[in-house]
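Novice: Model the structure of this input:
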Amino acid sequence: MKLLLLSNSSAPGRAYLDHAREVIADHLAGIEELLFVPYALADHDGYTAKVASFMDGLGIRVSGVHTADDPRAAVAAARAVFIGGGNSFRLLKSLQERGLTEAITRRVRQDGVPYMGSSAGTNMACPTLRTTNDMPIVQPASFETLGLVPFQINPHYLDPQPGSAHMGETREERLTQFLQDNDVPVLGLREGTWLRRADDALELGGVAAGARLFTTDADPAEYAPGADLSHLLSARARFDHRAA
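Specialist: Purely as a prediction, here's the structure:
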């Protein structure tokens with residue numbers, strides 16, 4: 001399985017996806033055409049054009065799955081799949097309604113098609129939607145997502161800010177609450193970071209801020225870019241989200 005999971009697609013002072021240009025180019029090396037899934041935003045055409053503009057610089061053509069007469073057939077023919085960010089609930093509902101959760105999972109797991117996700121697209125790679133930051137603006141049929149990794153991810157992870165006037169829960173508190181009812185690791189990906197999976201190897205990349213791992217049986221653990229996180233793919237990290 002070949003995955004690139006970005007915490008974010010835009011970085012301050014940088015063009016769209018530019019902060020991850022090198023790792024994207026390496027991940028998609030040899031790919032001439034990419035299937036983009038724009039359902040996390042309402043403007044599918046505009047979103048696809050934005051991705052196409054970036055990918056053109058890498059010599060990769062982009063087609064939007066929303067333009068296909070048969071979206072499942074488009075996935076079956078895709079050489080690579082990119083699911084962009086936006087609202088995770090809207091995205092998952094759209095995938096479910098079109099029968100694309102199973103179609104994409106099959107292509108990535110069984111056929112080895114490279115998968116790339118950013119933000120909401122990274123959430124889709126997890127077993128469930130339960131660690132997204134998004135507001136549930138629509139109701140999907142279930143929270144079950146693609147399950148391309150056996151642990152949860154929290155993109156755009158923000159550390160607690162000492163002295164903050166914000167009185168709501170911090171991200172740390174919300175993930176701790178999640179772990180009170182779910183026995184599955186959660187990796188908080190800070191801005192500018194990403195995960196790369198190649199079969200049974202998983203590596204953290206990106207900026208120095210790195211990531212933070214939350215588990216039920218230990219204090220949160222810090223990981224710097226370059227860290228080997230392959231242990232999160234092991235059998236002991238898996239959980240049956242259908243029974244949760």
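
Novice: wait, isn't Leu195 in contact with Leu202?
Specialist: Yes: here Leu195 reaches Leu202: they are 6.2 Å apart, a contact under C-beta atoms under 8 Å. In short, each C-beta sits where N, CA and C put it, glycine included.

Novice: Find residues that contact each of the two.
Specialist: 149, 229 (C-beta atoms under 8 Å, 6 or more residues apart in numbering).

Novice: These two: which is more packed in?
Specialist: A direct count of neighbours by other C-beta atoms under 10 Å for Leu195 and Leu202 places Leu195 higher, at 24 against 21.

Novice: ok, now how distant is the more buried one from Pro136?
Specialist: 25 Å (C-beta to C-beta, to the nearest Å).

Novice: Also Ala201?
Specialist: Taken as C-beta to C-beta, the span from Ala201 to Pro136 is 34 Å.

Novice: Equivalent analysis for Gln177, please.
Specialist: Counting by C-beta to C-beta, the gap from Gln177 to Pro136 is 16 Å.

Novice: re the thing from before, okay, Ala201 and Pro136: which has more neighbours?
Specialist: Pro136 (14 against 11).

Novice: my guess is the more buried one is in a helix, correct?
Specialist: No: Pro136: not assigned to a helix; according to DSSP: H, G, I helix; E, B strand; the rest coil it is coil.

Novice: Isn't it up against Phe89?
Specialist: Yes: contact criterion C-beta under 8 Å: Pro136 and Phe89 qualify, at 4.7 Å.

Novice: chain center to the lengthiest helix in the chain: distance?
Specialist: In the chain, taking DSSP state H as the definition, the longest helix is helix 44-56. Mean-position distance between helix 44-56 and its chain equals 18 Å (C-alpha atoms, centre = their mean, to the nearest Å).

Novice: likewise stretch 85-98?
Specialist: Distance, centroid of stretch 85-98 to centroid of chain: 13 Å (C-alpha atoms, centre = their mean).

Novice: Right, I'll leave it there.
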